[in-house]
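> turn this into a structure:
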Amino acid sequence: MKPWLRQPAHLRWLGGETQRLLDFGVRFPHPLGGAAWLGEDGTPDLDAPVHTWITARMAHVYSLGALLGLPGAGPLADAALTGLTGVLRDGRRGGWHPQVSADGEAAPGKACYDHAFVVLAAASATTARRPGARELLDEALDVLLTRFWEEEHGLFADLWDTAWGRLDGYRGLNANMHGVEALLAAFDARGERALLDRALRIAERAVGWAREREWRLPEHFDEEWRPQPEYNRECPGDQFKPFGATVGHALEWSRLLLHLEAALGATAPGWLLESAEALFSRAVRDGWNADGAAGFVYTTDWDGRPVVRQRLHWVAAEAVGAAATLHARTGADSYAELYAQWWDHVRLHFVDVERGSWRHELDSGNRSAATVWPGKPDLYHAVQATLLPRAPLAPGLAAAAAAGLVG
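Here you go, the predicted model:
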């Protein structure tokens, strides 16, 4: 039997799922500008803050939709970009606020995580030729590299105060992972090799830490980039800074390493593929069906035992994407088999046929839950899961869609 990745009917299903997901999100534009938090049925919560990371993700996925020729996607991308060039942007001091309340008050601080997503959004929108996107990309990339990049470490710092006067002592790998993603997208849009060189430096540090810990990635560090393995033990289910090893991030890193390898071409070091496979293998051994029920747990401890057993949609989406990219890179049947198994799981448990999109969180018995992620604000992971199996390893999704390479 042919792998699903080669079945025309499966590829058509993926295309239909892309459209269904983007149809769910059409009500996201907030009156202030940017993206509203969406509820279980896609209703915008106009009393909730407008978040920069959600707004940037919406700009990214609807730019992809525009590049794929989906009617209405372009204006929705523009609506998200309006938030990034308007209410969420700090016009006086530069950079982007983490969020703005419903009454227009900006939250304090400047986070690398948010800025990485602004770069991703602007790069995709630039490729989609959306108005003002290139100027936004130039500004966002300048802020990311000027304010957050720590040359002596080859990594991005995490959090400044609003006025750029005090840099917090916390350092995190999550922001750097999305920094790699942003640098790859910016390379596609601008063609500057130096962006890939920075991405490679980040990847090399991350892989080094994972290799030292049997391929479980530390997420939290102090200002000298010393791992803090006990960080947030008292709050293990944090949305962005959970305790322990985050299974979905190992899967996400495995995929990004392969995209970086493909972008580097003949100059790519051999450890990128080796590390991608090792991270993937560890994540699957630790995270998949780890407690006797189907699905990926959210986090484990440093011996691989489950800590937070919730099943989050983004982890399953990254598993699908990682399996697809590893199969594309290696041709190994084992990755295609896991890919099919995980899509069965996603379709059975996460895809919400009645209310739209994917359920964002399930409990350990695969029942709907909302302890970590209420509502359905995020299309980014799910949309990309439907596109990655149909795209090359390089260029990235936006450039591939523009070139007609997304099958």
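
> ok, which stretches of this protein are strands?
Taking DSSP state E, the strands of the chain run over residues 37-38, 44-45, 50-51, 99-100, 110-111, 149-150, 155-156, 159-160, 171-172, 220-221, 245-246, 299-300, 311-312, 361-362.

> A268 is nearest to which of the ones you listed?
strand 155-156 (20.0 Å; C-beta to C-beta). Every residue, glycine included, has its C-beta placed from N, CA and C.

> circling back: can you add mean pLDDT and give the strands of the chain back as TSV?
Below are those laid out as TSV (pLDDT from 0 to 100):
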stretch	mean pLDDT
strand 37-38	97
strand 44-45	98
strand 50-51	98
strand 99-100	98
strand 110-111	98
strand 149-150	98
strand 155-156	98
strand 159-160	98
strand 171-172	98
strand 220-221	98
strand 245-246	97
strand 299-300	97
strand 311-312	96
strand 361-362	96
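
> need those in CSV (columns: mean neighbour count and distance to R329).
Below are the strands of the chain laid out as CSV (neighbours: other C-beta atoms under 10 Å; distance: least, C-beta to C-beta, whole Å):
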stretch, mean neighbour count, distance to R329
strand 37-38, 23, 34
strand 44-45, 17, 39
strand 50-51, 24, 34
strand 99-100, 23, 37
strand 110-111, 25, 32
strand 149-150, 15, 29
strand 155-156, 26, 25
strand 159-160, 20, 34
strand 171-172, 24, 28
strand 220-221, 21, 29
strand 245-246, 28, 23
strand 299-300, 26, 26
strand 311-312, 28, 25
strand 361-362, 22, 30
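
> of all these, which one is nearest K2?
For the strands of the chain, the distance to K2 is smallest for strand 311-312, at 28.9 Å, taking C-beta to C-beta.

> strand partners (parallel or antiparallel) of the closest one?
strand 361-362 (antiparallel) (DSSP bridges).

> can you list the neighbours in contact with the strand it pairs with?
The contact list for strand 361-362 (C-beta atoms under 8 Å, 6 or more residues apart in numbering) reads 295, 310-313, 349-350, 368-373.

> just the buried ones among these, please.
Neighbour counting over those (16 or more other C-beta atoms under 10 Å) leaves G295, Q310, R311, L312, H313, H349, F350, A369, V372, W373 as the buried ones.

> follow-up on the earlier one: among the strands of the chain, which is nearest A80?
strand 50-51 (10.3 Å).

> tell me the helices and strands packed up against that closest one.
Counting by 3 or more C-beta pairs under 8 Å, 6 or more residues apart in numbering; DSSP states H and E, the packing neighbours recorded for strand 50-51 are strand 99-100.

> starting at the chain centroid, how far to the strand it packs on?
Centroid separation for strand 99-100 versus its chain: 20 Å, with C-alpha atoms, centre = their mean, to the nearest Å.

> follow-up on the earlier one: need the strands of the chain in TSV (columns: distance to L260).
Putting the strands of the chain into TSV (distance: least, C-beta to C-beta, whole Å) gives the following:
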stretch	distance to L260
strand 37-38	32
strand 44-45	36
strand 50-51	27
strand 99-100	30
strand 110-111	23
strand 149-150	17
strand 155-156	15
strand 159-160	25
strand 171-172	20
strand 220-221	21
strand 245-246	20
strand 299-300	25
strand 311-312	25
strand 361-362	30
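
> out of those strands, which gets nearest to D78?
Among the strands of the chain, strand 50-51 comes nearest to D78, with 15.9 Å by C-beta to C-beta.

> give me the contacts around that closest one.
Against strand 50-51 from outside (C-beta under 8 Å, 6+ apart): 30, 32-37, 83, 87-88, 98-100, 102, 377.

> give me the sheet partners of it and which way each runs.
According to DSSP bridges, strand 50-51 forms sheet pairs with strand 99-100 (antiparallel).

> ok, back up a step: ok, so of the buried ones among the contacts of strand 361-362, who is nearest E139?
Nearest member of these to E139, counting by C-beta to C-beta, is W373, at 30.4 Å.

> measure the closest one to A80 for me?
20 Å (C-beta to C-beta, to the nearest Å).

> ok, now A66?
Going from A66 to A80 by C-beta to C-beta gives 11 Å.

> tell me which of the two has more neighbours.
For the pair A66 and A80, the greater number of neighbours falls to A80 (30 against 26), based on other C-beta atoms under 10 Å.

> per-residue pLDDT, that one?
You'll see A80 listed with a pLDDT of 98.

> give me the pLDDT for the nearest residue to it once chain neighbours are set aside.
Distance criterion C-beta to C-beta, 6 or more residues apart in numbering; nearest residue to A80, sequence neighbours excluded, is A59 at 3.6 Å. pLDDT, A59: 98.
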